[in-house]
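> Build me a model from this:
(one chain, ligands or ions: 2)
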Amino acid sequence: MILVVVLVIIGALVVLAVVDVVQTKHPVRRNYPLIGRLRYMLEEIGPELRQYIVTGNDEERPFSRDQRRWVYASSNNENQYFGFGTDSKMDEPQYLIIRHAAFPFSPPSDANSPAVGDENYLPCAKILGEFRGRRKAFRPQSVVNISAMSFGALSGVAVEALNRGARLAGCLHNTGEGGVSRHHQHGGDLIFQLGTGYFGARNPDGTFCLDKAAALVASTPAVKAIEIKLSQGAKPGLGGRLPSAKVTEEIAEARGVPVGVTVVSPPSHTAFNSVTTMIDFVEDLAVVTGLPVGIKSAVGDRHFWHELAHEMASTGRGPDFITIDGGEGGTGAAPLAFTDHVSLPYRMGMSEVFSTFARHGIHDRVVWIGAGRLGFPAESLLAMALGADMIYVAREAMMAVGCIQAQKCHTGRCPTGVTTHSKWLTRGLDPTDKAVRAGNYIMSLRHEMLMLSHACGKPHPTLVGGEAIDLLLEGETSVSLWDHFRYDKAWWEPTNRRAESLIDTMYQPGTPSA
Ligand SMILES: Cc1cc2nc3c(=O)[nH]c(=O)nc-3n(C[C@H](O)[C@H](O)[C@H](O)COP(=O)(O)O)c2cc1C
Ligand code: SF4
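Ligands and ions are numbered 1, 2, ... in the order given. Below you'll find the model as predicted:
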């Protein structure tokens, strides 16, 4: 009798294990049959357990449980509502409060325009490359886009899921500095990133090759813009080294380097070494490819930004877009001292650089992109009120395709297959299923950004502005975002004019809905 019971239990476990291995929805269960189920069971009883032990919903970093839950629910198109009211500490300094309008905006219901009937339609208020008349200037159709993460840092299936997700959400997908791989070519539009290794556009000695960059752009129509990476928030001023064992055939092909030979990315660019030569580099790339060209940087040395703004104001030349990456940004791997202490967080960095450009009167000539834990509705609204025209999401998009914030990205043993090249671990990540989740997450974020702007009485988040956002200070006082960062309301006039003309095309005249 006991033997029969034991056999039945073993049989049931085998069946469950087979179901885990065969199903494609949950990478953790697929990679760790049976054991993976424990995670879901613990998640289920987690709220009850946490009432007595461990952390609160808002305590974990870099992303709190509430934030992760919001990403997971959005990506699964599940109920994103939270019951009972907030559990945030609404009296903590720097806490963000949005001042809603007495009369919210109601989109017209009978207009014959792209925005009506599409609750996620949220294009950029500016045209990328317009100011400098780039041949292939265009209006990005999504203010939320996928930030740079290379094939190499991410698995091929994760890159594929993100690219397919970008196509579904109609947003741009940044390749990261590791070049354009075959995983990037599943229908999503690309921003081709060039770091100091110039992968995909380099000579055998590692220097930049303009002809190769032009050839890559010509043969890859999905590439819509180029981003030159000066630095990233999590590890500014650091180069990189990809050991020979990791330079597989696929990685070598994407990067344009020999298989099995260690690749070094120096800390600094070899194609330019000053603001003037950097601008020459930008202009050469833009002229040859016709594409808008931008730079990405974390914010450290102030002098660089003053010089860049001065040079751009006096010559009319320079990058079409500037990505400001906050020091809170992510990475595959970096020394703790760099992730924790080098470069300003987004709010400080963006406000410092944007103010510098505004004082030179040229902030409106640039499309600004913000990054650094901004992939949530209220944070992205704040990012835009500080000047961003668009935001980038990296780790939030990783969570949408399965990342559970296990923070083992640097070990090569990511349990969800997102940042590993282990065949066993990546087989759990189904790129077509996860593409839908990435797309859903991005569309949900746009949708909630729109909901917040409507609550503030504005049809587009660009128009909300920092007077509608308060930061709490000590002692139950608050300050408006623009006062806190000493912004001048007049800086917003050109941007508002631009956004208003976009709104005319988003919502053609119609009867306001009830
Ligand atoms: C795994 C990983 C790889 C990354 N690789 C790059 C890269 O190749 N180039 C780059 O500019 N930034 C890279 N980043 C930084 C992100 O693009 C982004 O700027 C940063 O994580 C902030 O966005 P987030 O807070 O939404 O993650 C990487 C980040 C992660 C997590
Ligand atoms: S190791 Fe952890 S944090 Fe990194 S991608 Fe995988 S699940 Fe996410």
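> For residue 313, what is the enclosing helix or strand?
helix 302-315 (DSSP states H and E).
> The helix or strand just after that helix pairs with which strands?
Sequence-wise, the next helix or strand downstream of helix 302-315 (DSSP H and E) is strand 321-325. Strand 321-325 sits in its sheet next to strand 293-298 (parallel), strand 367-371 (parallel), going by DSSP bridges.
> between strand 321-325 and helix 302-315, how many degrees?
Interaxial angle, strand 321-325 versus helix 302-315 (axes from the mean of the first three to the mean of the last three C-alpha atoms, to 10 degrees): 170 degrees.
> who touches strand 321-325?
The contact list for strand 321-325 (C-beta atoms under 8 Å, 6 or more residues apart in numbering) reads 128, 225, 227, 231-233, 292, 294-299, 343, 346, 349-350, 353, 366-372, 388, 392. To be clear about C-beta, it is placed using only N, CA and C from the backbone, and glycine gets the same treatment.
> dump the residue contacts of residue 104.
454-457.
> ok, and which of the strands paired with strand 321-325 has the densest surroundings?
Most buried of these by mean neighbour count (mean count of other C-beta atoms under 10 Å) is strand 367-371; its value is a mean of 28.
> Among the contacts of residue 104, which ones lie close to ligand 2?
Among these, no residue is within reach of ligand 2 (C-beta under 6 Å from any ligand atom).
> Look up how far ligand 1 lies from the spatially closest residue to residue 430 that is not a sequence neighbour.
Here the nearest residue to residue 430 in space, its sequence neighbours aside, is residue 24; by C-beta to C-beta, 6 or more residues apart in numbering that works out to 3.8 Å. Residue 24 sits 23 Å away from ligand 1, going by C-beta to the nearest ligand atom, to the nearest Å.
> which SS state does residue 24 fall under?
coil (DSSP: H, G, I helix; E, B strand; the rest coil).
> Report the contact partners of the residue of the stretch 151-300 of the chain found nearest ligand 1.
Nearest residue of the stretch 151-300 of the chain to ligand 1, counting by C-beta to the nearest ligand atom: residue 176, 3.2 Å away. Taking C-beta under 8 Å, 6+ apart, we find residue 176 in contact with 148-154, 193.
> Among these, which lie within strands?
residue 193 (DSSP state E).
> ok, which pair from the contacts of residue 176 is furthest apart?
Distance extremes for the contacts of residue 176: the farthest pair is 154 and 193 at 13.3 Å, using C-beta to C-beta.
> so where does residue 68 fall, helix or strand?
Using DSSP H and E, residue 68 maps to helix 65-75.
> Mind listing the strands the helix or strand that that helix is followed by pairs with, and their directions?
With elements assigned by DSSP H and E, the helix or strand that comes after helix 65-75 is strand 96-98. Using DSSP bridges, strand 96-98 pairs in its sheet with strand 469-473 (antiparallel).
> Pull out the buried residues from the strand it pairs with.
469-472 (16 or more other C-beta atoms under 10 Å).
> Stretch 441-457 too?
Those would be 441-450, 452-457, for stretch 441-457 by 16+ other C-beta under 10 Å.
> again with stretch 424-444
Here stretch 424-444 shows 425-426, 428-431, 433-444 as buried, counting by 16+ other C-beta under 10 Å.
> Spell out which residues of the stretch 401-514 of the chain are next to ligand 2.
Near ligand 2, when you scan the stretch 401-514 of the chain using C-beta under 6 Å from any ligand atom, you find 403-409, 414-416, 418-419.
> Restricted to buried residues, select those residues in ChimeraX.
Here is the ChimeraX selection string for the buried members of those, based on 16+ other C-beta under 10 Å:
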select :403,404,405,409,414,415,416,418,419
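> In CSV: the residues of the stretch 401-514 of the chain next to ligand 2, plus pLDDT.
Shown next, in CSV, are those (pLDDT from 0 to 100):
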residue, pLDDT
403, 93
404, 91
405, 91
406, 85
407, 86
408, 86
409, 87
414, 92
415, 93
416, 93
418, 96
419, 93
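> just checking, what's the longest helix in the protein?
If you go by DSSP state H, the chain has its longest helix at helix 431-455.
> burial of residue 249, as a residue count?
9 (other C-beta atoms under 10 Å).
> go on, residue 40?
Other residues close to residue 40 by other C-beta under 10 Å number 11.
> OK, contacts around it?
Counted by C-beta under 8 Å, 6+ apart, residue 40 has contacts 26, 29.
> Looking at the residue positioned nearest the centre of the chain now. What's its pLDDT?
With distances taken as C-alpha atoms, centre = their mean, the residue of the chain nearest its centroid is residue 393 (1.6 Å). We have a pLDDT of 98 for residue 393.
> Helix, strand, or coil at the residue nearest to it when sequence neighbours are not counted?
Spatially, and ignoring its direct neighbours in sequence, residue 393 is nearest to residue 375 (3.7 Å; C-beta to C-beta, 6+ apart). Classification of residue 375 by three-state DSSP places it in coil.
> burial count for residue 375?
Residue 375: 29 surrounding residues under other C-beta under 10 Å.
> now swap in residue 240 and tell me
Around residue 240 there are 21 residues (other C-beta under 10 Å).
> List phi and psi for it.
Dihedral pair for residue 240: phi -150, psi 160, per degrees, to the nearest 10.
> Please name the residues that touch it.
Neighbours of residue 240 in contact, by C-beta under 8 Å, 6+ apart: 195, 197, 264-265.
> Just the buried residues from those residues, in PyMOL please.
The following PyMOL line selects those of those that are buried, judged by 16+ other C-beta under 10 Å:
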select buried, resi 195+197+265
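> Mind checking which of the contacts of residue 240 are in strands?
Those of the contacts of residue 240 lying in strands (DSSP E): 264-265.
> how about JSON lines for the contacts of residue 104, with pLDDT added?
Shown next, in JSON lines, are the contacts of residue 104 (pLDDT from 0 to 100):
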{"residue": "454", "pLDDT": "96"}
{"residue": "455", "pLDDT": "98"}
{"residue": "456", "pLDDT": "97"}
{"residue": "457", "pLDDT": "96"}
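> Quick check: residues of the stretch 301-450 of the chain near ligand 1?
Residues of the stretch 301-450 of the chain lying close to ligand 1 (C-beta under 6 Å from any ligand atom) are 325, 329-332, 371-373, 375, 392-396, 409, 419.
> Now, these that are in strands?
Counted as lying in strands by DSSP E, out of these, are 325, 371, 392-393.
> Nearest to residue 168 among those residues?
residue 393 (14.7 Å).
> Low-confidence stretches in the chain?
Scanning the chain for pLDDT under 70 picks out 43-57, 84, 110-114, 116, 508-514.
> And the helix holding residue 313, what's buried?
Buried residues in helix 302-315 (16+ other C-beta under 10 Å): 304-306, 308-309, 311-312.
> how far is it from where the chain is centred?
Going by C-alpha atoms, centre = their mean, to the nearest Å, the spacing between the C-alpha centre of helix 302-315 and its chain's C-alpha centre is 26 Å.
> tell me which strands and helices it is in contact with?
Helix 302-315 makes packing contacts with helix 275-289, helix 346-359 when contacts are defined by 3 or more C-beta pairs under 8 Å, 6 or more residues apart in numbering; DSSP states H and E.
> How is residue 398 assigned, secondary-structure-wise?
helix.
> how about it, what does it touch?
149, 154, 158, 418-419.
> List the contacts of the closest residue to residue 276 other than its chain neighbours.
Leaving aside its chain neighbours, residue 276 sits nearest to residue 311 (6.5 Å; criterion: C-beta to C-beta, 6+ apart). Counting by C-beta under 8 Å, 6+ apart, residue 311 touches 275-276, 279, 317-318.
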